[in-house]
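[1] Next input, structure requested:
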Amino acid sequence: MPSVSELQEMYEQAVTARRYEERLQEEYLEGKQPAFDISAGPIPGELHLAAGHEAAAVGVCQHLRDSDVVTAPHRPHHVAIAKGVDLRRMTAEIFGRRTGLSKGKGGHMHLYDPEVNFACSGIIAQGCPPAVGAALAAKKRNTDDVAVAYLGEGAISQGAFLESLNLAGLHDLPVVFVVEDNDWAISMPKGRVTDVDDGSRRADGFAVHGDRVDVDDAVAVYEAAGEAVGRARNGNGPTLLEVQVHRRMGHFMGDPESYRPEADAERAEALDSIPRLEERLRAHGVEDDEIEGIRERANDRVEDAIVWAKDQPQPDPEEAYEDAFTQQPEGWPERPEVAATDGGER
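    Sure, this is the predicted structure:
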């Protein structure tokens, strides 16, 4: 069971993540309405938000430290906030600004903060192999660091995930796979894309410990994650932990959600994990004015990050090829000319 101070920290992270998503939604939709234009506004391109997933982030990351590695999927902001990613620089990256985590070149699905060992990917389940690699490195270095890979329930049949699970089990690696089950794989209900109701059963075929949290509750996640992270840190191998969450927004901003029954969206709101955390705090004697103070602090932090990010400079177009694989590293030999094979010139 988390202490009162841990509950307060988890609550602050959760409400920060929720407010952050709400504000990003507002900023993203600017200039894109009434006719949705994905290229318009201060944040062009796609945007995937994770409102309703907060319990999976704060319940797990409460057990982690900066030296532990976390990889997140295309819906990453709540995990990044819980892991301690610099909120100003993350926001600048989302707005495509020069002071962003990757100088504005990665966008919201490709966030990278080496200060706290966080990264994410827009490719389904592709955070799993790097997390397993980090866990293997930790084991070879004889440290007690762990790695955590987040993915959605629609990704549990992906080859990258299954191969990672196999390697982690084979070598007893200190890695935890966290499956965020929000019942929807993009626009398909869970039952139409996978053959198991409980995704943690995927662990059975790889001699890996599997566990599932059936309720959208940060404290229940905290307790299950404590066992999983402790198992990894103590050298007792990996865990596949599936966590029930509820997606409160579309798969992406602009998603009309015509596939989703209205009752399902109402259910997601009714099962929200944040009010559960508030009740936990009150049960431990935390007064309402203190809870309101946490919410105000979270709101101020989010507003500060957005105002700061929007005031940052745009990248110089001449820097487009810097920090890219196409750039020839200084000191390397010149690449040999490749002869044309089709009779034409190159």
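[2] Send me stretch 154-173 as PDB with only the CA atoms.
    Below are the C-alpha coordinates for stretch 154-173, written out as PDB (Å, rounded to 0.1, in the frame of the first residue of the first chain):
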ATOM      1  CA  GLY A 154      -3.900  -4.400 -29.500                       C
ATOM      2  CA  ALA A 155      -0.100  -4.900 -29.700                       C
ATOM      3  CA  ILE A 156       0.100  -8.200 -27.800                       C
ATOM      4  CA  SER A 157       0.100 -10.200 -31.100                       C
ATOM      5  CA  GLN A 158       2.900  -8.200 -32.700                       C
ATOM      6  CA  GLY A 159       6.100 -10.000 -33.500                       C
ATOM      7  CA  ALA A 160       8.300  -7.400 -31.800                       C
ATOM      8  CA  PHE A 161       6.500  -8.000 -28.500                       C
ATOM      9  CA  LEU A 162       6.400 -11.800 -28.700                       C
ATOM     10  CA  GLU A 163      10.100 -12.000 -29.600                       C
ATOM     11  CA  SER A 164      11.000  -9.600 -26.800                       C
ATOM     12  CA  LEU A 165       8.900 -11.700 -24.400                       C
ATOM     13  CA  ASN A 166      10.800 -14.800 -25.500                       C
ATOM     14  CA  LEU A 167      14.200 -13.300 -25.100                       C
ATOM     15  CA  ALA A 168      13.400 -11.800 -21.700                       C
ATOM     16  CA  GLY A 169      12.100 -15.100 -20.400                       C
ATOM     17  CA  LEU A 170      15.000 -17.100 -21.900                       C
ATOM     18  CA  HIS A 171      17.600 -14.900 -20.100                       C
ATOM     19  CA  ASP A 172      15.600 -14.000 -17.000                       C
ATOM     20  CA  LEU A 173      15.900 -10.300 -17.800                       C
END
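[3] what residues does it touch?
    73, 124-126, 128-129, 131-132, 135-136, 139, 147, 149, 151, 175, 177, 179, 184-186, 188, 190, 193-194, 199, 202-203, 206-208, 232, 235-238, 240 (CB atoms under 8 Å, 6 or more residues apart in numbering). Just so you know, the C-beta spots here come from the backbone N, C-alpha and C atoms, and that holds for glycine as well.
[4] now, which of those lie within helices?
    128-129, 131-132, 135-136, 139, 232 (DSSP state H).
[5] Tell me where the stretch 151-300 of the chain has strands.
    175-181, 184-185, 188-189, 209-213, 239-244 (DSSP state E, counting those that start in this stretch).
[6] Could you say which of those is packed most deeply?
    strand 175-181 (a mean of 29; mean count of other CB atoms under 10 Å).
[7] what are the pairing partners of that strand, and which direction each?
    strand 147-152 (parallel), strand 239-244 (parallel) (DSSP bridges).
[8] right, so of those, which gets closest to residue 20?
    strand 147-152 (16.9 Å; CB to CB).
[9] how far off helix 128-140 does the closest one point, in degrees?
    Going by axes from the mean of the first three to the mean of the last three CA atoms, to 10 degrees, strand 147-152 is angled at 160 degrees with respect to helix 128-140.
[10] longest helix of the protein?
    helix 4-29.
[11] Only the buried residues of that one, if you could.
    7-21, 23-24, 27-29 (16 or more other CB atoms under 10 Å).
[12] just to revisit the earlier point, could the strands of the stretch 151-300 of the chain go into a markdown table alongside distance to residue 297?
    Output for the strands of the stretch 151-300 of the chain, formatted as a markdown table (distance: least, CB to CB, whole Å):
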| stretch | distance to residue 297 |
| --- | --- |
| strand 175-181 | 26 |
| strand 184-185 | 32 |
| strand 188-189 | 38 |
| strand 209-213 | 28 |
| strand 239-244 | 26 |
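[13] okay, those strands in CSV with mean pLDDT and distance to residue 108 next?
    Shown next, in CSV, are these (pLDDT from 0 to 100; distance: least, CB to CB, whole Å):
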stretch, mean pLDDT, distance to residue 108
strand 175-181, 98, 17
strand 184-185, 88, 20
strand 188-189, 88, 23
strand 209-213, 97, 26
strand 239-244, 98, 22
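[14] nearest to residue 105, of those strands?
    Nearest to residue 105, of the strands of the stretch 151-300 of the chain and by CB to CB, is strand 175-181 at 26.6 Å.
[15] The closest one: how far from the chain's middle?
    11 Å (CA atoms, centre = their mean, to the nearest Å).
[16] Ok, stretch 313-324 next?
    26 Å.
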